[in-house]
Each structure stands twice: as structure tokens, then as C-alpha cells.
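[1] Need a 3D model of the sequence below.
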Amino acid sequence: IGLSSPQLIQSRAVEFTYRNQILYDCRELWDQELGGKVYTGLIFVTTFIVPMFALSFLYISIGVTARHTVPGNSNGDHVQQQNRVKIVKMLVILVISFAVCWLPIQVFNMVFWLCDSCRTLSTQYQDSH
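    Numbers count the residues shown, from 1 in each chain. Next up is the predicted model:
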């Protein structure tokens, strides 16, 4: 199958025994180990790095634009400045929330595919149970 094969084609249900029960583990089975690493790297870049940079760039642009004040009466300027600060805080929280929610699974996937001994330990654990 090649490096460009999607996960749907590469995933298989692998049978293993745990406490005298036959169970199945859905995992990616690649003909070439490099294919799994390249695919995982591309998934990491397209589902985390690109969105993170896009969110950061766009929200920084919005925040910089929101910081510019329009001359006017001083009472309204103070309220507008407070609203701008709230907007910037909200945008920062959104970027941090995205990173906190998606980074753990992305790091796990990268470590699992790039660390040969991690996959070996996983296979040994399943074979022993």
C-alpha cells in the first residue's frame, strides 16, 4: 500500500488474549515502519501545528487591532479599553485551551510512533496477557 495510504486502510483489529478473554485492539499496521512515522508526523503538523499557528497569528492580529484606541471622550475610552483587554484575555485563553486539549494526545501519538521501544513494550504487554 504506500506512504500515502490513509489510516482507514492501514488500521486492523488485532486479536489478543487478556485474562482468558479474546479481545481486539485496533491499530495501524504499516508495511514499512517509516510509513507510520511519516503519517503520524503529517497528522501532527496538519491537526496541531498548523491550527496552532493559525489561531495564534489570527488572534494576535485581532488583539493588536483591538489595542488601538479611537480618540474621543475619556469616559468612553476607559470602558472601551476595558472591553479590549477582556477580548485579548479571551483570545489568549482560547489558544491556551486548544493547546491544553490537543497537545497531550498529539505528544502521545508522536512518542508512540517515534519511540520503537514504546511500541515493543505495548506489543509485549498484550502478548503476555
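[2] before we move on, which element is residue 41 in?
    Residue 41 belongs to helix 33-44 when elements are defined using DSSP states H and E.
[3] ditto for residue 30
    Assigned by DSSP H and E, residue 30 falls within no helix or strand.
[4] before we move on, what about residue 25?
    For residue 25, the element it lies in under DSSP H and E is strand 21-28.
[5] Quick one: mean pLDDT over that strand.
    In this model, strand 21-28 carries a mean pLDDT of 81.
[6] Report how many residues lie close to residue 110.
    Using other C-beta atoms under 10 Å, residue 110 has 16 other residues around it. Where you see a C-beta, it was placed from the backbone N, CA and C, and this is true even at glycine.
[7] Not counting sequence-adjacent ones, nearest residue to it?
    Excluding its sequence neighbours, the residue lying closest to residue 110 (C-beta to C-beta, 6 or more residues apart in numbering) is residue 44, at 5.7 Å.
[8] same check, this time on residue 95
    residue 55 (5.2 Å).
[9] Can you tell me how far the one you found is from residue 102?
    11 Å (C-beta to C-beta, to the nearest Å).
[10] With residue 31 instead?
    Distance, residue 31 to residue 102, by C-beta to C-beta: 29 Å.
[11] what angle do the lengthiest helix in the chain and helix 33-44 make?
    In the chain, assigned by DSSP state H, the helix with the most residues is helix 74-114. If you take axes from the mean of the first three to the mean of the last three C-alpha atoms, to 10 degrees, helix 74-114 sits at 170 degrees to helix 33-44.
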